[in-house]
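Peer 1: Curious how this folds, go ahead:
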Amino acid sequence: MLNINLIIGTLGMLFILAAFILDEFVRKFNQDTVQYNVLNIIGAFLLIYYAFSLNSLPFIILNVVWLTVAGFKLVRILRSA
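Peer 2: From the prediction side, this is the model:
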């Protein structure tokens with residue numbers, strides 16, 4: 001049986017990878033879109049949870065920064081809309 005933490009971590013990874021892949025191959029999906037930043041925010045949040053379950057400080061810091069940057073970018077996009 002799969003561990004719930006592993007499922008959450010895997011989902012977080014999939015959200016961030018989806019944002020990256022879509023940014024690379026879909027012209028209208030890029031770093032300046034709400035969708036891209038929402039995928040990164042959700043993915044980073046899930047990976048922060050997973051990193052806490054592993055007690056992995058470097059992974060926590062990486063994803064807190066990832067979440068913060070995507071959050072600021074999303075706010076900037078929404079304010080300029």
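
Peer 1: quick check: longest helix of this structure.
Peer 2: Ranked by residue count under DSSP state H, the longest helix found in the chain is helix 57-80.

Peer 1: Is L2 in a helix, a strand, or coil?
Peer 2: Secondary structure assignment for L2 (DSSP: H, G, I helix; E, B strand; the rest coil): coil.

Peer 1: for K28, same thing?
Peer 2: What three-state DSSP gives for K28 is coil.

Peer 1: residues near it, how many?
Peer 2: By the criterion of other CB atoms under 10 Å, K28 has 7 neighbours. C-beta here means a position set from N, CA and C on the backbone, and glycine is covered the same way.

Peer 1: Ok, L67 next?
Peer 2: L67 has 19 neighbouring residues, counting by other CB under 10 Å.

Peer 1: Now do the contacts for it.
Peer 2: Contacts for L67 (CB atoms under 8 Å, 6 or more residues apart in numbering) come out as N40, I41, A44, F45, I48.

Peer 1: out of those residues, which one sits closest to W66?
Peer 2: Of all the contacts of L67, W66 sits closest to A44, with 4.2 Å by CB to CB.

Peer 1: So for the helix or strand hosting that closest one, mean pLDDT?
Peer 2: Using DSSP states H and E, A44 maps to helix 34-54. Averaged across helix 34-54, the pLDDT comes to 97.

Peer 1: Just the buried positions in that helix, please.
Peer 2: For helix 34-54, a neighbour-count test (16 or more other CB atoms under 10 Å) marks 36-37, 39-51 as buried.

Peer 1: Stretch 58-65 now?
Peer 2: Across stretch 58-65, burial judged by 16+ other CB under 10 Å covers F59, I60, N63.

Peer 1: now, among these, which is nearest to L22?
Peer 2: Nearest to L22, judged by CB to CB, of the buried residues of stretch 58-65 is N63 at 19.5 Å.
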